[in-house]
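Colleague: mind looking at a prediction? Sequence and model below.
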Amino acid sequence: MIREKIARIIKEEISKKLKESRADQLRRELDDAVNGTDYGYTPKDTGEDSTVARGRGLEVDDEPPKRQPEETLETLPPKIEYWPNGNKDRVIYRNRKGEYHRTDGPAIEWFFGNGQVRCREFCVDGKLHRTDGPAYEYFYENGQVRSRQFRVDGKLHRTDGPAYEYFYENGQVRCREFCVDGENLTKKKFLEKTKPKPTNCDIQITINGKAVSLEELQIFMKTKES
């Protein structure tokens with residue numbers, strides 16, 4: 001009788017610990033997304049609400065496969081975990097070195113229990129990297145983008161807009177920052193740095209009251225020389 005009672009108590013404690021562990025994990029992930037920093041990047045105060053942290057990549061606690069000397073670094077088949085309802089919980093791609101790696105899509109994807117994408121990260125050789133869109137995206141459960149980062153070779157980088165953006169659930173921008181090659185810039189400096197350099201077609205001079213581009217003038221001079 002006593003033995004059965006002890007076994008029941010132990011079983012209840014184990015069940016309680018598992019539930020608490022899962023709850024703590026979710027709380028940590030949400031805290032990281034709202035209050036943490038991502039990939040060593042600390043937000044700079046720009047006057048906007050830039051104390052809002054970058055949506056941090058969620059922790060992955062599975063052990064990476066060990067690399068054998070003769071093995072190459074191609075992408076391995078993904079590791080997939082599921083929610084109790086059968087929906088995907090997370091999908092992770094690695095190379096044989098154990099780094100997050102995929103060249104034809106996100107290397108890491110997390111999902112809400114309803115199947116909606118929660119987070120996705122595009123990684124190459126362990127670094128956030130994407131040249132045709134944001135390398136990191138974090139979503140609200142309604143599908144609205146919560147935050148996104150444009151990174152190249154691990155560095156915050158974008159030349160046609162903010163490299164980091166954080167949104168309210170209604171879609172309004174809460175915070176944005178401009179970065180080029182990992183350098184945080186004010187909007188003014190960003191526009192100066194990314195302003196297209198004038199070409200010969202853009203440079204014009206006036207000859208006898210007529211505006212002529214430098215390119216047209218060069219063509220005219222070559223014709224005269226020939």
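Modeller: Right, received. Where do you want to start? Residues are numbered from 1 along each chain as shown.
Colleague: show me where the protein has its helices.
Modeller: With helices called from DSSP state H, the chain shows them at 2-35, 187-194, 214-225.
Colleague: ok, of those helices, where does mean pLDDT dip lowest?
Modeller: Among those, helix 2-35 carries the lowest mean pLDDT, at a mean of 55.
Colleague: show me the domain layout of this protein.
Modeller: Listed by automatic domain parsing, the domain ranges of the chain are 36-194, 198-226.
Colleague: need the least confident one among those, by mean pLDDT.
Modeller: Among those, domain 198-226 has the lowest mean pLDDT, at a mean of 63.
Colleague: relative to helix 187-194, how tilted is the longest strand belonging to the chain?
Modeller: For the chain, the strand with the greatest residue count under DSSP state E is strand 173-180. Relative orientation of strand 173-180 versus helix 187-194 (axes from the mean of the first three to the mean of the last three Cα atoms, to 10 degrees): 40 degrees.
Colleague: paired strands for strand 173-180, with orientation please.
Modeller: Partners of strand 173-180 in the sheet, by DSSP bridges, are strand 164-167 (antiparallel), strand 183-185 (antiparallel).
Colleague: what residues does the last one touch?
Modeller: Okay, so that is strand 183-185. K44, L156, E177, F178, C179, K193 (Cβ atoms under 8 Å, 6 or more residues apart in numbering). Backbone N, C-alpha and C define where each C-beta goes, glycine included.
Colleague: for D160, grab phi and psi.
Modeller: phi -120, psi 20 (degrees, to the nearest 10).
Colleague: how about it, what does it touch?
Modeller: D160 makes contact with T194, according to Cβ under 8 Å, 6+ apart.
Colleague: and if we set it to 10 Å?
Modeller: D160 makes contacts with F150, T194, as judged by Cβ atoms under 10 Å, 6 or more residues apart in numbering.
Colleague: fine by me, thanks again.
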